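*Asks:* sequence? don't have it. structure:
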C-alpha cells in the first residue's frame, strides 16, 4: 500500500551558487558518506539530486516536523541503485506512519536534478 509520494526538482545552477556562497551547507545537509564517492567529492549535480531526494522524502511523509537532515542518507546498493536510509528520530517517524519501504528514483540533466520517492507500507 502506498502511504505517500513526493517529488522535488532542484535547479543545478542555483544549488551550485548556494554551495559556493555558503560552503557549510554541505555538512549541514549531508553525511560525510554522501559527499564523496571513491574518496573524491561527489559532483554538484549528484549532490543536488540527493538534496531533491531528501526533500521528496519529506513530502512523502506529509510534513517535516521532527525531521533532521542527518537522520536520512541517500545510499546506493551493490548495483548503484539509490535508496534512502533513515536513522534516529526520523526512523521512529517513518515506523509510526507504517512505512516499511522507501523507493527512490533520481536523475539530473538539462540544468535540473529531480527525485521521486514512494513510501510504502504493509
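*Replies:* Everything's here; your move. Being a predicted model, the structure only gives us computed values, none of them experimental. Numbers count the residues shown, from 1 in each chain.

*Asks:* Which of the helices and strands in the chain ranks last by mean pLDDT?
*Replies:* The helix or strand of the chain with the lowest confidence, counting by mean pLDDT, DSSP states H and E, is strand 36-37 at a mean of 90.

*Asks:* quick one: strands adjacent to that one?
*Replies:* Strand 36-37 pairs in its sheet with strand 40-41 (antiparallel), by DSSP bridges.

*Asks:* Confirm that residue 73 lies within a strand, as I assumed.
*Replies:* Yes: assessed by DSSP: H, G, I helix; E, B strand; the rest coil, residue 73 belongs to a strand.

*Asks:* Which pLDDT value goes with it?
*Replies:* Per-residue confidence at residue 73 stands at 97 (pLDDT).

*Asks:* swap in residue 49?
*Replies:* Per-residue confidence (pLDDT) for residue 49: 98.

*Asks:* got it, and residue 80?
*Replies:* Residue 80 carries a pLDDT score of 86 in this model.

*Asks:* burial of it, as a residue count?
*Replies:* 7 (other CB atoms under 10 Å). To be clear about C-beta, it is placed using only N, CA and C from the backbone, and glycine gets the same treatment.

*Asks:* do you know how far it is from residue 50?
*Replies:* Taking CB to CB, to the nearest Å as the measure, residue 80 and residue 50 are separated by 14 Å.

*Asks:* repeat for residue 98
*Replies:* For residue 98 relative to residue 50 (CB to CB), the value is 25 Å.

*Asks:* These two: who's more crowded?
*Replies:* Set residue 98 next to residue 50 and count neighbours by other CB under 10 Å: residue 50 wins out with 27 against 12.

*Asks:* which residue packs closest to the more buried one, ignoring adjacent ones?
*Replies:* Leaving aside its sequence neighbours, residue 50 sits nearest to residue 74 (CB to CB, 6 or more residues apart in numbering; 4.4 Å).
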